[in-house]
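A.B. asks: I would like the atomic coordinates for the input below:
(one chain, ligands or ions: 1)
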Amino acid sequence: MKIDILSAVPQLMDSFFNHSILKRAQEKKLVELRVHNIRDYTNYKHGQIDDYQFGGGAGLVLMIEPIVNAIESLQKENTYDEIIFLTPDGALFNQQAANQLSLKKNLLLICGHYKGIDQRIRDHFVTQEISIGEYVLSGGELGAAIITDAVCRLLPGVLNDETSALFDSFQDGLLAPPVYTRPEEFRGWKVPEVLLSGNHAKIESWRHEMSLKRTEERHSNKKGE
Ligand code: ADE
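C.D. replies: Numbers count the residues shown, from 1 in each chain. All right, here's what the predicted structure looks like:
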């Protein structure tokens, strides 16, 4: 899979993409992540990429030309299955959306900044608009990083134990059960005995019960979905 990201502040994603699971996924050539600076595609003086909005109002808007230059230049090398704009008024991102995106080959993510991007980019190029939560961030970069992480960990071979993503919270509509590791007892707080019993059927049944309980308590609307 290939994920290209357009941003006015590409450095924001450097550290995130160059550590841990995303780093290994790229080293194993399971995913190619490329972050492009919108400023590299502007023909305006002094690298300008934003301007005041027509009609007045506070805040700068990312201009159409640099972004279209970037999209069309990248489209010469890739055919994108989706061109996604990160925006607080997009569809809320969830596990199901991550699953669907993980089946695609090439994605292009566009990060807004300042007051947003010229609406004509959304009208004529963007195929999906995604929000990562009901709050306003300073830009789409954190959203792009979140989508990239959620999608990449689903790609075959990215996680060491390939099955483990299948048991993530939300994959079956249920939240994950609690997990424990050594020591068996800390300050008198004990690991549930069933987990030490070696009886796999009993352990599975306990985990399922805990998943149901957590889902009921924290996400009652998700139970049995
Ligand atoms: N850009 C600003 N806020 C955002 C949000 N909540 N989700 C995605 N992109 C954003």
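
A.B. asks: in the longest helix anywhere in the chain, what's buried?
C.D. replies: Identified as the longest helix of the chain according to DSSP state H is helix 200-218. Neighbour counts over helix 200-218 (16 or more other Cβ atoms under 10 Å) mark Ile203, Trp206, Arg207, Met210, Ser211, Arg214, Thr215 as buried. Where C-beta positions appear, they are placed from N, C-alpha and C, glycine not excepted.

A.B. asks: Including distance to the ligand and pLDDT, could those go into TSV?
C.D. replies: Listed next are those as TSV, based on distance: Cβ to the nearest ligand atom, whole Å; pLDDT from 0 to 100:
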residue	distance to the ligand	pLDDT
Ile203	38	97
Trp206	37	98
Arg207	33	96
Met210	31	97
Ser211	28	95
Arg214	26	96
Thr215	25	95
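
A.B. asks: Show me what the longest helix of the chain is in contact with.
C.D. replies: Gly173, Leu174, Leu175, Ala176, Pro177, Pro178, Pro192, Val194, Leu195, Ser197, Lys222, Lys223 (Cβ atoms under 8 Å, 6 or more residues apart in numbering).

A.B. asks: try 7 Å this time
C.D. replies: Applying Cβ atoms under 7 Å, 6 or more residues apart in numbering, the contact partners of helix 200-218 are Leu174, Leu175, Ala176, Pro177, Pro178, Val194, Leu195, Ser197, Lys222, Lys223.

A.B. asks: quick check, nearest of those residues to the ligand?
C.D. replies: Lys222 (21.1 Å; Cβ to the nearest ligand atom).
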